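Q: Turn this into a structure:
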Amino acid sequence: MRRFFESTRAIPVLFAVITVLAYGLLLPFTGFYWDDWPFAWIAKFLGPAEFFPAFAQFRPFLSPIFFVTTSLIPINPLAWQIFALVIRFLIGISAWWTFKQIWHDKPVTALTLALFILIFPGYSQHWVALTHINQELIPFLFYLISFGFTFKAIHAENPIRYLIFALLFQILGIFPTEYFFGIEGLRFLFLFIFFQGAFNKRITQTLKQWWPYLIVWVINAAWLVYYYRFGDYDSYEVKTTQSLSLVSLVSNFGDAIWKAGFYIWGQVLVLMSQSITAPASLLTFGLIGISFIFLVFYFSRITKTVNDNNKTLGISFIIIGALGILLGRLPSLAAGLPLTLQSSYDRFMVSMMIGGSLFILGLIELVFGKSRFKIYVIALVVSLGIGQQFFNANIFRRDWSKQSEIYWQLAWRIPAMKPNTVLLTNQMPIDYETDNSFTAPINWMYAPDYQRSDLPYAMLYTEKRIGGEILPVLEPNQAIQINYRTVTFNGNTSQAIVIFMPPNGCLRVLDPALGDAETYDRESLYLTDAIYLSNPSLILTEGTNTTPAFFPEPKHDWCYYHAKAEIAQQAQDWKSIIAIEKEVDEKSYSPQDPFEWLPFIEANAMLGNMDRAEELSSQTFTTDKRIRKGVCTVWKRVQAQGPAGGEYETQISRLLSKFQCLP
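A: Numbers count the residues shown, from 1 in each chain. Okay, here's the model as predicted:
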């Protein structure tokens, strides 16, 4: 066993173990996020070939990657998460192989750098697998392999075939996405430190090896300039670096070096300190500890036979690492995009993986040198990276669970919809999906037999879209047109359903006829201003069986029964609501949000169960004073439409006075 650990045969096993620890422990509980949903919908309903026209105005060289992977891998979240795990493993192995070609006499250095890249903690987008594996990590894998073949060619007696492979993988890495435009400069720096001798001699040797890659780089630069400035590119509004001041450049580059070179390597400790006793934090601490012990054991075995200590190389790593971080930041900076950690914007960290890993290893070499503590520091850095990625995985696990809640509550409350209906809301209580993301699974749910035509359904966030081209104003009879890659949704503000889901509560349909604009007047104006457009008659309840894709139906809890109560309220079927109330009472279900009692208050009052209606009204009012307008709206409606008779009229008037309802 000891000989096995000391041999290179153990290294693939090491990478496999670390890949699973960092990315695989929660794999069955993660799914699709963000642009995964539109891409999955395209592959499922329009076919993999649709990615060619779909990407025509958006990184057209990405389309072959999406075409190949979606042709081979089932459109299933678990399959894509497994594929992401495989790609991560291949990135680690490829990085190890590449760095061995550059520093063939420093195997521990090559291994350490590869491990840092494998767990690189600044990049949290691994679980948005269908999107970011195709869009970023596969091109990054190609670029790593290209670097390796460059140095394989230098070592070879017959370098031509390796040079061809290096150029081919460079093309495959640089053209699909602009993310990696800057890191070509790293190849020049690697060549420069590889060669020995006087400065002029090293420059000459470097340029002699680099010029073929420089030609590809220049061609790519010309393509990007044309495409962004004069071509059909339809994504970010690119800002040229000429518009950036020197102070802004220095500030952005300093921020990038701080984050990619320093902060991210201990970021998990900061995140866990915010909820240190939470189960997720405790599990993360445990995983860090187990990983640390394992890695100390492993490194103690291999460093007994190999010693790579070299402070001069450490300084070189710091310099090249810093330059690599800056080169990696250039594309996103040119687009005017921020480098925000723990958000979708940290995807730009993918182009800083090499630079950030070099930088931190250079610091370790410089500070610890030949100290026996160096292996502990390296083991700790890798362990913290594993912990960071596990922490990220748990965030995506919670998001997938929340998606299940949203889609099933939507299915329960809206069993079917008339075609060309748009769902309006200000925002859903979830972090990793936008209205664009929701549009795909909603069509998957409500149009499972879709064939190419206009998109039948869409969701819009009023907070994001109001005042824009898609939704200029919240007024009736306004046409809504949404270009969804290669298909179009054509709708109208007069064919809309307004939905609302609070952070702690059930999804509900808002109805102007129920006075919901007044009931929810403490919510965002982006929500309340849309309520009068809501038309619940677009909901179909008969003979339907809507099932969200990929999510097994959860236990029927309070939100299931509340959805059924809202459907009954819409039909003024008060007896059904009373039956539902009895069932939830028997099962001891109750809402987190007291507003969800309003249909039950109205049903009891409409059927003359005044004492129970008053009890529920007082109970909800005691729980949350903000519900007063909702309670008043219900009782005013009961006064206008409910049971007649002096006794009832007197009791209603008393209750209106009790809750201080204005006339």
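Q: In the stretch 301-450 of the chain, mark out all the strands, start to finish.
A: With DSSP state E, counting those that start in this stretch, the ranges of strands along the stretch 301-450 of the chain come out as 416-417, 421-425.
Q: Partner strands of the shortest one and their direction?
A: Spelled out, that is strand 416-417. Paired neighbours of strand 416-417 in the sheet (DSSP bridges): strand 539-540 (antiparallel).
Q: contact partners of the strand it pairs with?
A: Residues from elsewhere that reach strand 539-540 (CB atoms under 8 Å, 6 or more residues apart in numbering): 414-418, 497, 509, 567, 570. (C-beta placed from N, C-alpha, C; glycine too.)
Q: give me that answer again for 10 Å
A: Applying CB atoms under 10 Å, 6 or more residues apart in numbering, the external contacts of strand 539-540 come out as 413-418, 421, 446, 497, 509, 546, 566-567, 570.
Q: are any of those residues buried, and which?
A: For those, a burial check counting by 16 or more other CB atoms under 10 Å picks out 413-417, 421, 446, 497, 509, 546, 566-567, 570.
Q: Output those as JSON lines; include the columns pLDDT and distance to Ile174.
A: Converted to JSON lines, the buried ones among the contacts of strand 539-540 look like this (pLDDT from 0 to 100; distance: CB to CB, whole Å):
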{"residue": "Arg413", "pLDDT": "96", "distance to Ile174": "48"}
{"residue": "Ile414", "pLDDT": "96", "distance to Ile174": "46"}
{"residue": "Pro415", "pLDDT": "95", "distance to Ile174": "49"}
{"residue": "Ala416", "pLDDT": "95", "distance to Ile174": "47"}
{"residue": "Met417", "pLDDT": "95", "distance to Ile174": "45"}
{"residue": "Thr421", "pLDDT": "97", "distance to Ile174": "43"}
{"residue": "Tyr446", "pLDDT": "95", "distance to Ile174": "41"}
{"residue": "Ile497", "pLDDT": "97", "distance to Ile174": "46"}
{"residue": "Val509", "pLDDT": "97", "distance to Ile174": "49"}
{"residue": "Thr546", "pLDDT": "88", "distance to Ile174": "44"}
{"residue": "Glu566", "pLDDT": "96", "distance to Ile174": "53"}
{"residue": "Ile567", "pLDDT": "95", "distance to Ile174": "54"}
{"residue": "Gln570", "pLDDT": "93", "distance to Ile174": "56"}
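Q: Would you reformat those residues as JSON lines and include distance to Phe142?
A: What follows is the buried ones among the contacts of strand 539-540, written out as JSON lines (distance: CB to CB, whole Å):
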{"residue": "Arg413", "distance to Phe142": "46"}
{"residue": "Ile414", "distance to Phe142": "44"}
{"residue": "Pro415", "distance to Phe142": "47"}
{"residue": "Ala416", "distance to Phe142": "45"}
{"residue": "Met417", "distance to Phe142": "43"}
{"residue": "Thr421", "distance to Phe142": "43"}
{"residue": "Tyr446", "distance to Phe142": "39"}
{"residue": "Ile497", "distance to Phe142": "45"}
{"residue": "Val509", "distance to Phe142": "48"}
{"residue": "Thr546", "distance to Phe142": "41"}
{"residue": "Glu566", "distance to Phe142": "52"}
{"residue": "Ile567", "distance to Phe142": "52"}
{"residue": "Gln570", "distance to Phe142": "54"}
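Q: Show me the longest helix that occurs in this protein.
A: helix 374-413 (DSSP state H).
Q: And that one, how far out from the chain middle?
A: Relative to the centre of its chain, helix 374-413 is centred 11 Å away, using CA atoms, centre = their mean, to the nearest Å.
Q: repeat for stretch 218-229
A: Distance of stretch 218-229 from the chain centroid (CA atoms, centre = their mean) equals 29 Å.
Q: now do stretch 283-297
A: Between the centre of stretch 283-297 and the centre of its chain there are 27 Å (CA atoms, centre = their mean).
Q: Same question for stretch 82-95.
A: Offset of stretch 82-95 from its chain centre (CA atoms, centre = their mean): 19 Å.
Q: what about Thr633, how many residues close to it?
A: Residues near Thr633, counting by other CB atoms under 10 Å, number 19.
Q: Kindly indicate which of the buried ones among the contacts of strand 539-540 lies nearest Phe99.
A: The shortest approach to Phe99 among the buried ones among the contacts of strand 539-540 belongs to Tyr446, at 50.5 Å (CB to CB).
Q: Which residues are in contact with that closest one?
A: Listed by CB under 10 Å, 6+ apart, the contact set of Tyr446 reads 410-411, 414-419, 421, 456-457, 540, 544, 546, 548.
Q: C-alpha coordinates for stretch 269-282, PDB please?
A: Extracted C-alpha coordinates of stretch 269-282, given in PDB (Å, rounded to 0.1, in the frame of the first residue of the first chain):
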ATOM      1  CA  LEU A 269     -14.300  30.000   6.700                       C
ATOM      2  CA  VAL A 270     -16.000  33.400   6.300                       C
ATOM      3  CA  LEU A 271     -19.100  31.800   4.900                       C
ATOM      4  CA  MET A 272     -19.400  29.200   7.700                       C
ATOM      5  CA  SER A 273     -18.800  31.800  10.400                       C
ATOM      6  CA  GLN A 274     -22.100  33.400   9.500                       C
ATOM      7  CA  SER A 275     -24.000  30.300  10.700                       C
ATOM      8  CA  ILE A 276     -21.300  28.300  12.400                       C
ATOM      9  CA  THR A 277     -23.700  25.900  14.300                       C
ATOM     10  CA  ALA A 278     -25.900  25.200  11.200                       C
ATOM     11  CA  PRO A 279     -25.800  21.500  10.100                       C
ATOM     12  CA  ALA A 280     -24.300  22.500   6.700                       C
ATOM     13  CA  SER A 281     -21.500  24.300   8.400                       C
ATOM     14  CA  LEU A 282     -20.800  21.400  10.800                       C
END
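Q: Just the residues contacting that stretch, thanks.
A: Identification of contacts with stretch 269-282 by CB under 10 Å, 6+ apart yields 263, 268, 284-285, 288, 341-342, 384, 387-388, 390-395, 397-398.
Q: Could you pick out the buried ones from those residues?
A: For the contacts of stretch 269-282, a burial check counting by 16+ other CB under 10 Å picks out 268, 284, 288, 341-342, 384, 387-388, 390-395, 397-398.
Q: which two from these end up farthest apart in space?
A: Leu384 and Arg398 (21.4 Å).
Q: Could you check how far Thr206 is from Phe151?
A: Distance of Thr206 to Phe151, given as CB to CB, to the nearest Å: 12 Å.
Q: higher neighbour count, those two?
A: Phe151 (23 against 19).
Q: out of the buried ones among the contacts of strand 539-540, who's nearest Ile65?
A: So of the buried ones among the contacts of strand 539-540, ranked by how close each gets to Ile65 (CB to CB), first place is Tyr446, at 30.3 Å.
Q: Quick check: the closest one vs Ala440, distance?
A: Distance check for Tyr446 against Ala440: by CB to CB, it reads 11 Å.
Q: between those two, what contacts are shared?
A: Counting by CB under 10 Å, 6+ apart, the contacts common to Tyr446 and Ala440 are Tyr457.
Q: Low-confidence bits of the stretch 151-300 of the chain, can you list those?
A: 230-244 (pLDDT under 70).
Q: With the chain instead?
A: Low-confidence segments of the chain, defined by pLDDT under 70: 1-7, 230-244, 303-310, 543, 644-646.
Q: Show me where it has its strands.
A: 416-417, 421-425, 457-461, 479-484, 487-492, 496-500, 508-510, 539-540 (DSSP state E).
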